[in-house]
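A.B. asks: the sequence isn't on hand, but the structure is:
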């Protein structure tokens, strides 16, 4: 089986501090003209057309349709700058297609569930929950955050105007932050000397090796204020190449960057050039499937299967070290303490401290996410897996009313684990797929009957949705529910791969433990399982 997709990684280089004033003016012009042009082309027909026509760059779509402005202020801008503005707007319009489709699925259901007693906030939450349930029942799956945002946008419009919006473009008025793509520029990038021909161009970069060191020379055309007028001039600078940048440049093909403005921890803004690198990936996969369930108690539950649905390994459980949990709880307690102090007040010192604690929490979770994805990759390599399969978590909603567990899962960016694993896996020739998350912990993988969740293998009479053990009354199969979820993720994938995507999980081929006749792990979650801890340095 061969890889059909490419992989892009990015690396950010800070721009020279001496350019700060001119870059600020450049950013202001980008914000001004992108939002002005976005307002001009904010139309549902254009959203559909530009999304369906992905064979060309976005700016070419606007040029072909004669949608570019024709006023003097627009014509005075450099041609590549105008193209960059149209490209940035076009990318936004292409991303709006899913939001628009979600809007028209939600709109007929909104008044059915919105209303009743309670505050506006409670009515929004109640409507979102009911609408989401009905959409899932009709097999319409949207990202959890995207769907909630659309429901809240419709609710805000309804509360303000007293009527529902007729069109998506009436309900939503986006604004752009000033990101500028240099990919539309035909300025040179690569080895050798820079061309002095600057007509219409905005960006040039050359790199060469001198004294066994990689040297970078950057030229960017930036605006300069000349009284009331603005002229454009070239700015040049030699940049230091960091070791990681050198490594990526040596191994992969570099493409033209995007200029972004990012806020540093100090609170100041920095303008950075984000360079995409096209990464070469392996062409052949292994034969086995690594099935992953990102559970509520055990962070990762994994099992290896073959394409015939046979189970090849005992379950592999990955847990977070107790010291890491304690650190998360400690930061959470500090956040709650600061929030209780600033409630009703606007103390700058406490607000800054709260932001610092949240950054600390986010950095810890990001580090943990990378550790977990690395463990998943190592498991796939150890068992020669050509494919890693996850549940599709875009419609996942953390459970409520479970105190600490609910809070941790609301913070836990499990979708980011999938994204991070995907780009790491592609680099070693392993693909990552997702399957529909429906009944994966409720169907028995041995006999396809509906099971139940119990408190423990020796307490089968104590049943409850939140209990950790799966038990099948039909065949007596008992196992950890997350382990069962991993098996059913694999069975669902094999069913989808065979072309039966609309078939129910109950119709999938029952899995058989091919290596051992009867695994102790099937009888108890304390059986012979290969377990890993995800370490995090304190």
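C.D. replies: Great, that's in hand. On a predicted model such as this, the values are computed, not experimentally measured, just so you know.

A.B. asks: what residue is smack in the middle of this protein?
C.D. replies: residue 416 (5.4 Å; C-alpha atoms, centre = their mean).

A.B. asks: part of a helix, is that one?
C.D. replies: Yes. Residue 416 sits within a helix when classified using DSSP: H, G, I helix; E, B strand; the rest coil.

A.B. asks: got a list of what it touches?
C.D. replies: Residues near residue 416 by C-beta atoms under 8 Å, 6 or more residues apart in numbering: 366, 369. Quick note: C-beta positions are derived from backbone N, CA and C, even for glycine.

A.B. asks: which residue packs closest to residue 132, ignoring adjacent ones?
C.D. replies: Spatial nearest neighbour of residue 132, chain neighbours left out: residue 147 (5.9 Å); criterion: C-beta to C-beta, 6 or more residues apart in numbering.

A.B. asks: chain center to the helix or strand harbouring that neighbour: distance?
C.D. replies: Using DSSP states H and E, residue 147 sits in helix 144-161. Remark: helix 144-161 is offset 22 Å from the chain centroid, using C-alpha atoms, centre = their mean, to the nearest Å.

A.B. asks: which other helices and strands contact it?
C.D. replies: helix 97-113, helix 120-137, helix 168-171 (3 or more C-beta pairs under 8 Å, 6 or more residues apart in numbering; DSSP states H and E).

A.B. asks: give the buried residues for that helix.
C.D. replies: 144, 147, 148, 149, 150, 151, 153, 154, 155, 157, 158 (16 or more other C-beta atoms under 10 Å).

A.B. asks: which other residues reach it?
C.D. replies: Counting by C-beta under 8 Å, 6+ apart, 98-99, 102-103, 106-107, 110, 114, 120, 123-124, 127-128, 131-132, 135, 142, 164-165, 170-172, 394-397 sit against helix 144-161.

A.B. asks: which among the residues you listed count as buried?
C.D. replies: Here, 16+ other C-beta under 10 Å leaves 99, 102-103, 106-107, 110, 114, 123-124, 127-128, 131-132, 135, 142, 164-165, 171-172, 394-395, 397 buried among the contacts of helix 144-161.

A.B. asks: re earlier: could you tell me the least trusted of the helices and strands packed on helix 144-161?
C.D. replies: Across these, helix 120-137 has the smallest mean pLDDT, namely a mean of 89.

A.B. asks: can you tell me what sits against it?
C.D. replies: 105-106, 109-110, 112-116, 118, 141-142, 144, 147-148, 151-152, 155, 159, 395, 397.

A.B. asks: report the angle between that helix and helix 144-161.
C.D. replies: 130 degrees (axes from the mean of the first three to the mean of the last three C-alpha atoms, to 10 degrees).

A.B. asks: how far does helix 120-137 sit from the chain's center?
C.D. replies: 23 Å.

A.B. asks: could you do stretch 14-24 as well?
C.D. replies: Offset of stretch 14-24 from its chain centre (C-alpha atoms, centre = their mean): 30 Å.

A.B. asks: so where's this structure shaky on pLDDT?
C.D. replies: Across the chain, the ranges flagged by pLDDT under 70 are 1-7, 191-200, 211, 281-285, 296-297, 343-348, 393-414, 515-538.

A.B. asks: in it, which helix is the longest?
C.D. replies: Of all the segments of type helix in the chain, defined by DSSP state H, the longest one is helix 348-382.

A.B. asks: could you identify the helix or strand that succeeds that helix?
C.D. replies: Downstream of helix 348-382, the first helix or strand assigned by DSSP H and E is strand 385-392.

A.B. asks: check which helices and strands that following strand sits against.
C.D. replies: strand 288-293, helix 348-382, helix 414-426, strand 431-436, helix 481-497.

A.B. asks: what residues does it touch?
C.D. replies: Counting by C-beta under 8 Å, 6+ apart, residues outside strand 385-392 touching it are 1, 141, 284-294, 304, 376, 379-380, 418, 421, 425, 429-437, 440, 485, 489-490, 493.

A.B. asks: in its sheet, what does that strand sit against?
C.D. replies: Here strand 385-392 is paired, per DSSP bridges, with strand 288-293 (parallel), strand 431-436 (parallel).

A.B. asks: could I get those as JSON lines with distance to residue 84 and mean neighbour count?
C.D. replies: As requested, the strands paired with strand 385-392 are arranged in JSON lines below (distance: least, C-beta to C-beta, whole Å; neighbours: other C-beta atoms under 10 Å):
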{"stretch": "strand 288-293", "distance to residue 84": "40", "mean neighbour count": "28"}
{"stretch": "strand 431-436", "distance to residue 84": "32", "mean neighbour count": "19"}
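
A.B. asks: as CSV, those with distance to residue 323 would be great.
C.D. replies: Listed next are the strands paired with strand 385-392 as CSV, based on distance: least, C-beta to C-beta, whole Å:
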stretch, distance to residue 323
strand 288-293, 24
strand 431-436, 30
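
A.B. asks: can you tell me which of those comes nearest to residue 372?
C.D. replies: Residue 372 lies closest to strand 288-293 among these, at 10.1 Å (C-beta to C-beta).

A.B. asks: C-terminal to the closest one, what's the next element?
C.D. replies: Going down the chain from strand 288-293, the next helix or strand is strand 300-305, by DSSP H and E.

A.B. asks: what's the offset of the next helix or strand along the chain from that following strand from the middle of its chain?
C.D. replies: Downstream of strand 300-305, the first helix or strand assigned by DSSP H and E is strand 316-320. Strand 316-320 has its average C-alpha position 23 Å from the chain's average C-alpha position, going by C-alpha atoms, centre = their mean.

A.B. asks: next: stretch 131-150.
C.D. replies: 17 Å.

A.B. asks: same question for stretch 313-323.
C.D. replies: Per C-alpha atoms, centre = their mean, the centroid offset for stretch 313-323 relative to its chain is 24 Å.

A.B. asks: ends of that stretch, what's the gap?
C.D. replies: 29 Å (C-alpha to C-alpha, to the nearest Å).

A.B. asks: that older thread, need the winner for burial among the helices and strands packed on strand 385-392.
C.D. replies: strand 288-293 (a mean of 28; mean count of other C-beta atoms under 10 Å).

A.B. asks: separation between the residue in the chain sticking out farthest from the centre and residue 377?
C.D. replies: Here the centre of the chain is the reference, and by C-alpha atoms, centre = their mean the most remote residue is residue 227, at 44.5 Å. From residue 227 across to residue 377, the span is 58 Å (C-beta to C-beta, to the nearest Å).
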